[in-house]
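[1] Quick one, fold the following:
(one chain, ligands or ions: 2)
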Amino acid sequence: MLKQGPVWALGTMSGTSLDGVDAAMLRTDGEEILEFGESAYLERGEADRRRIAAAFGRWPGEPGVEAVAELIETEHARLLSRFEGYELVGFHGQTLAHEPRGRGTHQAGDGQVLAEVLGQPVVWDFRSSDVELGGEGAPLAPFFHHACARWIGAEGPLAFLNLGGVGNLTWVDPRPGSPLAEGAILAFDTGPANAPLNDLVQARLGQGYDAGGALAATGVIDEEIVARFLRHPFFFKRPPKSLDRNDFPDLARWLDGLDDGDAAATLCAVAAASVAVGLEHCPEAPGEILVTGGGRHHPVMMSELSRRCGCPVRPVEAVGLDGDMLEAQAFAYLAVRVARGLPTSCRATTGVAAAVGGGRISRPDGVQLAGDRPGLGRPVTSGGDI
Ligand SMILES: Nc1ncnc2c1ncn2[C@@H]1O[C@H](COP(=O)(O)OP(=O)(O)OP(=O)(O)O)[C@@H](O)[C@H]1O
Ligand SMILES: CC(=O)N[C@H]1[C@@H]2OC[C@@H](O2)[C@@H](O)[C@@H]1O[C@H](C)C(=O)O
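    Ligands and ions are numbered 1, 2, ... in the order given. The predicted model follows:
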């Protein structure tokens with residue numbers, strides 16, 4: 001059993017932009033944030049990024065997937081071995097495919113393997129049960145964002161915007177008497193963020209991303225393309241809604257006629273405009289948007305957000321949070337919630353029919369099946385029984 005009261009949990013995230021793995025410690029009782037702890041980052045080499053990217057869209061059992069899962073487990077084992085003093089791990093894994101209305105959701109990496117390597121219980125596969133119950137399976141950080149809003153002492157509604165490969169926004173109302181449920185929280189993926197920009201600079205310049213916004217800063221936005229993009233049915237859909245990394249395959253083609261700078265600037269505007277139209281879904285205008293994820297380092301994306309959103313836009317560092325680690329911290333928080341049997345999503349965050357706690361829990365003493373990888377396919381314990 002996980003002991004009562006606050007515990008230190010270690011959360012991880014390996015995001016869609018494939019740059020590397022984040023890990024961060026958090027002390028929480030599953031409700032409040034008590035303390036932020038150490039964090040670390042493992043940068044991924046180019047060859048490994050390509051191996052993972054080649055498996056995007058694939059499902060367990062399909063070619064290359066097993067090798068990617070092993071790579072993810074190895075990276076996480078290396079990174080997490082540097083930490084001590086935690087009692088539980090929240091392991092997100094690497095999303096390879098996400099079709100909540102179709103085949104489900106697939107995060108590569110087996111939590112049982114990590115539990116055995118680290119000698120601590122591991123909560124993982126956070127998204128599947130939400131999808132099985134009719135939810136989008138994403139985003140899952142919103143309950144943590146609500147806790148962050150309480151932690152910073154926010155007095156009115158505000159939004160957290162994560163600009164990773166894909167953008168996702170959480171609107172929260174942390175005022176006392178505003179319970180963590182519909183009316184106090186709304187979350188949805190906003191649209192593409194860094195992923196198409198990374199793909200563009202990779203294809204045209206052979207670089208991983210537009211560092212410091214240097215390329216986009218030289219360009220002029222093609223507003224016609226932005227307006228055309230916003231006619232995509234996704235933007236007319238009311239939340240909840242989630243996206244896969246490559247859900248807008250036509251966008252890259254539309255940029256063919258633009259020079260490199262103009263194409264990059266246009267993609268920043270596309271990301272920002274997607275957020276601005278998304279704000280229309282919020283129950284009340286947020287007092288400000290706090291930005292997390294790598295996109296907050298991109299000056300053009302940030303200035304386009306400020307220009308289009310009609311409220312202050314600041315990186316989360318402005319309120320004392322760590323934008324590089326917020327997602328890893330979120331999975332530490334969610335792991336404790338899963339272990340305590342608390343929900344990790346609700347109708348207003350993923351559209352799931354009822355508040356549910358996703359996630360499987362693997363213990364270090366888990367039964368091992370015969371086979372070349374331990375833990376595969378074995379039964380795992382669920383909520384509260386560690
Ligand atoms: N200094 C910078 N200048 C410009 N862009 C940057 C900078 N640092 C990071 N980025 C962008 O942020 C991306 C990484 O963002 P982040 O780590 O939030 O993504 P992720 O967690 O992998 O994605 P997701 O949240 O979608 O799973 C990089 O690929 C790059 O596009
Ligand atoms: C399926 C999946 O892995 N989705 C990620 C991805 O990256 C950003 C966005 O798309 C968000 O929906 C989610 O991650 C964050 C951490 C979440 O679940 O809140």
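
[2] Point out the residues in this protein that sit beside ligand 1.
    For the chain, the contact set with ligand 1 under C-beta under 6 Å from any ligand atom comprises 13, 15-17, 19, 162, 164-166, 194, 197-198, 209-213, 293-295, 297-298, 327. Bear in mind the C-beta positions are built from the backbone N, C-alpha and C, glycine included.

[3] What subset of those is buried?
    Using 16 or more other C-beta atoms under 10 Å as the burial test, these include 13, 15-17, 19, 162, 164-166, 194, 197-198, 209-210, 213, 293-295, 297-298, 327 as buried.

[4] Could you tell me which of those residues belong to strands?
    13, 162, 166 (DSSP state E).

[5] Make a markdown table from those and add distance to ligand 2 and pLDDT to it.
    As requested, these are exported to a markdown table (distance: C-beta to the nearest ligand atom, whole Å; pLDDT from 0 to 100):
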| residue | distance to ligand 2 | pLDDT |
| --- | --- | --- |
| M13 | 6 | 97 |
| N162 | 6 | 95 |
| V166 | 4 | 92 |
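
[6] So out of everything in the stretch 101-250 of the chain, what residue is nearest ligand 1?
    G164 (2.0 Å; C-beta to the nearest ligand atom).

[7] Could you pull up phi and psi at that residue?
    Phi and psi for G164, reported as degrees, to the nearest 10, are phi -100, psi -140.

[8] Now do the residue lying closest to D125 once chain neighbours are set aside against ligand 2, distance only.
    In space, and not counting its chain neighbours, D125 is closest to R360: 4.6 Å by C-beta to C-beta, 6 or more residues apart in numbering. The gap separating R360 from ligand 2 is 16 Å, by C-beta to the nearest ligand atom, to the nearest Å.

[9] hang on, R360 packs against R127?
    No - if you go by C-beta atoms under 8 Å, R360 and R127 don't touch, sitting 10.8 Å apart.

[10] which of these two has more neighbours?
    R127 (29 against 20; other C-beta atoms under 10 Å).

[11] Using the record's domain definitions, break the chain down for me.
    7-139+325-362, 153-319 (automatic domain parsing).

[12] got those as CSV, with distance to A147 columns?
    As requested, those are exported to CSV (distance: least, C-beta to C-beta, whole Å):
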stretch, distance to A147
domain 7-139+325-362, 5
domain 153-319, 9
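
[13] now stretch 6-23, how far from the chain's geometric center?
    In terms of C-alpha atoms, centre = their mean, to the nearest Å, the centre of stretch 6-23 is found 9 Å from the chain centre.

[14] Alpha carbons of that stretch, in CSV - could you do that?
    The C-alpha coordinates for stretch 6-23 follow below in CSV (Å, rounded to 0.1, in the frame of the first residue of the first chain):
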residue,chain,number,x,y,z
PRO,A,6,1.9,13.2,0.9
VAL,A,7,4.5,11.1,-0.9
TRP,A,8,7.3,11.9,-3.3
ALA,A,9,6.5,10.7,-6.8
LEU,A,10,8.7,10.7,-9.9
GLY,A,11,7.0,11.5,-13.2
THR,A,12,8.2,11.2,-16.8
MET,A,13,7.3,12.5,-20.2
SER,A,14,8.6,11.6,-23.6
GLY,A,15,6.7,14.0,-25.8
THR,A,16,5.6,14.0,-29.5
SER,A,17,8.5,16.3,-30.6
LEU,A,18,10.9,13.5,-29.7
ASP,A,19,13.6,15.7,-28.3
GLY,A,20,14.1,13.6,-25.2
VAL,A,21,12.8,12.4,-21.9
ASP,A,22,11.9,14.7,-19.0
ALA,A,23,11.7,13.4,-15.4
